[in-house]
Structures are given as C-alpha cells and as structure tokens.
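A.B. asks: Curious how this folds, go ahead:
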Amino acid sequence: MNNSEQFCLSLLNGCKTLKSVKQVQAHVCKTGLDNDLFITGKLLLRCAVLISDALDYAHRLFLHIPNPDVFMYNTLIRGFAESYFPQNSLTTFIDMRRKSPTTPDSFSFAFIFKAAGNLRDLKTGFQLHCQALTFGLDTHLFVGTTMTSMYAECGCIGFAKKIFDEMFEPNVVAWNAMINTCFRCDDVVGAERMFNEMPFKNVTSWNLMLAGYTRAGELELAKKSFLEMPTKDGVSWSTMIVGLAHNGCFDDAFGFFRELKRVKMSPNEVSLTGVLSACAQSGAFEFGKILHGCIEKVGLNWISSVNNALVDTYSKCGNVAMARLVFERMPGKKSIVSWTSLISGLAMQGYGEEAITLFHEMEGSGIRPDGITLISILYACSHAGLIEQGCEYFSMMIIRYGIEPAIEHYGCMVDLYGRAGQLQKAYDFVIQMPIPPNAILWRTVLGACSFFGNVELGEQVKERLSELDPNNSGDHVLLSNIYAVAGKWKDVATVRRSMTEQRLKKTPGWSMIEVEKVMYSFMAGEKQNKTTQEAYEKLREIMLKLRVEGGYIPEVGSVLHDIEEEEKEDAVSKHSEKLAVAFGIGRLCEGSVIRIVKNLRVCMDCHTMMKLISKPLWSRLPLMVPAEVH
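C.D. replies: Numbering: from 1, shown residues only. I've put the predicted structure just below:
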C-alpha cells in the first residue's frame, strides 16, 4: 500500500457523516485512486454499514463500479440486510449470481440468511439453503449459525436444531443462536437446557437469557440470572430496564436505573429510552424530569431516539408544553418519529386542532407521513370529536399518501364514530370493511354501546365477539354494564352467571400515583396495609368535605349491580382512582399537581369528584389540589 492509499484510508476511518465521506471521495477521484478496488471497497463499507443514513448513497456508488468483487457485493448485501429494506439484499444477491462471474463465499450466505430471517421469508430461506449446499458452505460455522437464526426467525425450530446438531464443534455464537431460537419459539425450558449445556458462555449468552425471560414474562428468573451474571455490560442493564418497563413493573425499572447509576455505569441510548418509556406509562413526571436533567448533563440530548422518548414521556404525563419545548430544541432535522411523537401527544391530551396544525407543518417541512402518523392524526380527530376531518384524512390515505389502510386505521374510524355517539354508523363501517374485522374493533363498538346505553346494538355486537373471542371477560362485563344502565337486572344476572360458569374473572381496576419520585399503586378491595389505610382515612375526610361544602352527590348509576343505594354509595367511594387522589392530597403540598394513571375508564362518579377537587375554590382549601387524570 502506497502513501496515497494509506492517507485516504486514514481519512476514511475518521469519517462519521456522509458529508465527510463525500469529501474523501472527491480526494480519491482527484488523486486517481477511484479505480483502486481496495479503496473503493472501503469507501463502500463506510457508506453501507458504518454510517446510518448513507445506504442509498452506497447503492449509487456500487452501481458505478465496473466490476465489483465479492467483498463489494457482500458489503451491500450486509448493509441492506441490516436496514429497513432487507428485500434489497436479496435483489443484490440475485444480481451477483446472474450478472457477475463473482462466486458467493461464506460471508455472502451469512449476510443473505440474515436478510431472509428479517423478512421472515421461509420459502426464500429454503432456496438459499439449497444454494449453500451447492457451494458446499452449509456446514461452514459462520453460515450454519446465521442459517439457524434464519429458521428461528421463521418459527422452524426443528430445522434450526437439525442444522445445529450437524455442526462440528459449534462455537459460542452458534450456541447463542440456538438459545435465541428456543425463546423465539416460546420454548423457555429448551432455552434453559441449551444454556446449561453450553461448554462456555459469554456475556451475550447471559444477555440472551435476560431478554428471553423478560419477553416471556418470567421476571423473577430474569432477576435471578442478572444477579448470577459474572460480568454485566450496558446491554445487561438495558435489557432488564426495558423488560421490566414492558411488563408493567415500573418501580422495578426505576430501581434498576438507580442501581445502574450507583455502580457508576453510564446510561446508554437503550437504557434511557427504556426508563423513559416506564415514566410515560406510569405517569412518573418527576422522575422523568430528573432523567431529562441527567440526559442534558451527560450530553446525550443529541440522540434522536432519546429526545423522542422525552417528548412521549412529557406528553403522556400531561405536560404538552414541555413536550413541545423538547421537540423544538431537537438538534438537526427532525425525523418522522419525532413529528409523530408530538402529534400523538397532542392527540392524547385532546388538542385535536393543534395536532392537525402540526401535521401540516410536518408536511411543509418535506416529511411525508407514514401509516403510524396517520393513526395519530385519526386518533386526534377521534378524541377531539372532529368527525369530518377524520373522515377526510381517512379518505386521503390512498389517494394522497399512497398508504393502504391497516386494521389500526379502521379501528380509529370506528372509535371516531363511537365516541361521537354514531353507533349505527360505527357498526355499518365495521360490516363494510374490505378486511375481516378483529375482536378489538367489535370491542370498540361494544364499549360505545355501553357508554351510550344501546342495548339492542350491544347484543348484536356481543354475538359477533362471541365468535371471535368467546373467553374474553371484558366483553361480558361491557354487556352486563349495558343491561345494568338500562335496569335489566335479570339480564345482568344471566351474564354474570355465565361468567362464573366459564370461570371468567373481571380485570381488576388499579390506579398509580407518583409521590416524591416513588410510585404507589392502589386497587379497590385489596388487603389494607399502612399505605392504603392512610389513603382510606384521607378519602373519608375528603368525601365528607365535598358533600358539605362542594355539593357532591354520589353518581350511583356507576354501580352496575342490583343492590341498595347505601351499598352503591359505599362501592363508588372505594374506587382505586379515589384512593390514589386521596393519598396524593395527603402527601403532597398545596398547589401540587396530582397525576393518576389507571387501566380502566374513569366512572362518572370519579369524574365528578375529580372535577370538584380541581376547581380553583377547592385548590385554595388545605385539603385540595388540582387533579389531572390520564
């Protein structure tokens, strides 16, 4: 290698952006090294693999190379395999086989099997397996490992196991691939057996067990494995934080993040987005603010995904102003995810007009909406009661944006009609859909029937649901609620008896509140402890004050059982959101904001109580603070 080649190579190794690569390429052309296959290959590698937004440029560069060698083909195949367009990887492989005298090697098959796995394309996987047999590369360790992963991604654990068993002395990567295969096929016991049989384990092996356990909901096993790990890296901590957050164990996720900081490990992109997701789902606004400060302090506010997670957290915690501020301060060009995060946040908080305005701003900036963005804008129209605008955007999906409506878009339209009380229109819309409706769509109509008390239509919808999902307890409860609102107590008893016979249990309602950066959870009727006892005592005091000074009268229509009025009043007084708000009033100082997150819709009585507490008159009283319920 001469001095010019060494100099160009050193320049390329320092390139972090596409702009800097183009500058080096200009120098390569100027010095006459553009015909040097080694330098051109390194240039291609930098664009296709090492720089995130340069794959299209790499493809254009590849097309101008007269006789690309196998390394160049492999580089482009690899780049596409790891991108959002793995099908282009297959196209490049086919071109290599048809148009080039170049023979594929073990790397070619390793990368192309990864592409087939990402596409979940079993038919193509079989064809590639035959090609690997033709070239005698099926027993190659590297090829066999990725072939195992491909079959795992396609759900064929038998083929994956057969290939693994035929390997001569499989390495740790192959063992890890089999562990991953077992977890992907929901075989937790098989994964444990493979892990215990491994002759050697690395940190990736342990991390795969953590990821598999958390995906399967086996959180205690995940915690046990985490404690047993000889060494932990950033992936280990991130896996636990994200896994706990996804399984609703928000306090545990916060605890792991605090421990990560205590052992002086630096949080990474994944751990930060994971813990911010936990904040968003649990309404942990104060903890989210601390994380925001941590992000600013360690200088990670340039990472797009972290900023998007911050926007999502502030939005779901009800602070749209902070979400917008983070959005506006994002460095560089905002991605479609950034725009969609804020649009979704505005939609969730009922700012339909603002969400639509932002949507038009996004279009004006040159960003074309995708299917998820349109779900957010339809959601905004639904929650703000903007029926005409919602219908207009739905109609424009194919005509203007070229997006085929998915089941989620149809669901937004059903919700739009249902919230507006246009129940027959919602029913007819589902009937006339060009794709088969799922249980969620029918459940949306049933929920609207329950809210508006439409017994006849509710019974028709329940019949549809019985065919699709006969064992869902929520559907029975909704139908029972419809009968109860209409005073049809015999029908209520029939539905409840049916639930008992089928051993279906109603999903218990819970509410969470953040107090002094600690999450507290409440459930109606749960066994009392020191925390719930404190909440009940404060709630009795508040309810008495509301009756005497606020004119509060219990909305006993929310109690859907045929019992005496006094019993109904007692039942509504113990709802989980009331306990949470009482606990917050008792613990927080006057003028604080109370945020409650719950899993079920707020009943009319709780809604009335929250409105009374939120009035300015009450916020000046010693007991009361403004309340926000999400």
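
A.B. asks: contacts, neighbours, all on C-alpha from now
C.D. replies: Will do.

A.B. asks: can you pull out the strands in the chain?
C.D. replies: Under the criterion DSSP state E, strands of the chain are mapped to 510-515, 518-523, 594-598, 627-629.

A.B. asks: Lowest average pLDDT across these?
C.D. replies: Least confident of the strands of the chain, judged by mean pLDDT, is strand 627-629 with a mean of 40.

A.B. asks: export the strands of the chain to a markdown table and tack on mean neighbour count and distance to residue 483?
C.D. replies: Converted to a markdown table, the strands of the chain look like this (neighbours: other CA atoms under 10 Å; distance: least, CA to CA, whole Å):
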| stretch | mean neighbour count | distance to residue 483 |
| --- | --- | --- |
| strand 510-515 | 22 | 24 |
| strand 518-523 | 18 | 25 |
| strand 594-598 | 23 | 25 |
| strand 627-629 | 18 | 28 |
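
A.B. asks: Out of these, flag the one nearest residue 579.
C.D. replies: Closest of these to residue 579 is strand 518-523, at 6.7 Å (criterion: CA to CA).

A.B. asks: and the closest one, which strands flank it?
C.D. replies: Using DSSP bridges, the strands paired with strand 518-523 are strand 510-515 (antiparallel).

A.B. asks: is it possible to export the strands of the chain to a markdown table including distance to residue 384?
C.D. replies: Formatted as a markdown table, these follow (distance: least, CA to CA, whole Å):
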| stretch | distance to residue 384 |
| --- | --- |
| strand 510-515 | 25 |
| strand 518-523 | 30 |
| strand 594-598 | 20 |
| strand 627-629 | 17 |
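
A.B. asks: of all the ones you listed, which lies closest to residue 243?
C.D. replies: That would be strand 518-523 among those, by CA to CA, at 17.8 Å.

A.B. asks: And the closest one, how far out from the chain middle?
C.D. replies: Mean-position distance between strand 518-523 and its chain equals 23 Å (CA atoms, centre = their mean, to the nearest Å).

A.B. asks: Assess the claim that residue 587 and residue 515 are in contact.
C.D. replies: Yes. Residue 587 is within contact range of residue 515, at 7.2 Å (criterion: CA atoms under 8 Å).

A.B. asks: burial measure for residue 276, as a count.
C.D. replies: Per other CA atoms under 10 Å, the neighbour tally for residue 276 reads 32.

A.B. asks: Distance-wise, check it relative to residue 270.
C.D. replies: 10 Å (CA to CA, to the nearest Å).

A.B. asks: who touches both of those two?
C.D. replies: Counting by CA atoms under 8 Å, 6 or more residues apart in numbering, residue 276 and residue 270 have no common neighbour.

A.B. asks: and residue 468, how far is that from residue 440?
C.D. replies: From residue 468 over to residue 440 the distance is 10 Å, taken as CA to CA.

A.B. asks: Surely residue 74 and residue 110 touch.
C.D. replies: No. Under the criterion of CA under 8 Å, residue 74 makes no contact with residue 110, lying 9.4 Å away.

A.B. asks: Mind jotting down where the helices sit in the stretch 1-150 of the chain?
C.D. replies: 3-13, 18-30, 37-45, 55-63, 70-81, 87-99, 106-119, 122-134, 141-153 (DSSP state H, counting those that start in this stretch).

A.B. asks: low pLDDT regions in the stretch 501-630 of the chain?
C.D. replies: The model of the stretch 501-630 of the chain has pLDDT under 70 over residues 555-573, 616-630.

A.B. asks: in it, which spans are helices?
C.D. replies: With DSSP H, counting those that start in this stretch, the ranges of helices along the stretch 501-630 of the chain come out as 530-549, 565-572, 576-587, 604-614, 616-619.

A.B. asks: Counting by contacts, list what the fourth one packs against.
C.D. replies: With contacts defined as 3 or more CA pairs under 8 Å, 6 or more residues apart in numbering; DSSP states H and E, the packing partners of helix 604-614 are strand 627-629.

A.B. asks: what do you get if the cut-off is 10 Å, keeping everything else the same?
C.D. replies: Other elements packing on helix 604-614 under the criterion 3 or more CA pairs under 10 Å, 6 or more residues apart in numbering; DSSP states H and E are helix 530-549, helix 565-572, helix 576-587, helix 616-619, strand 627-629.

A.B. asks: and what of the third one?
C.D. replies: For helix 576-587, the elements it packs on are strand 510-515, strand 518-523, helix 530-549, strand 594-598, helix 604-614, strand 627-629, judged by 3+ CA pairs under 10 Å, 6+ apart.
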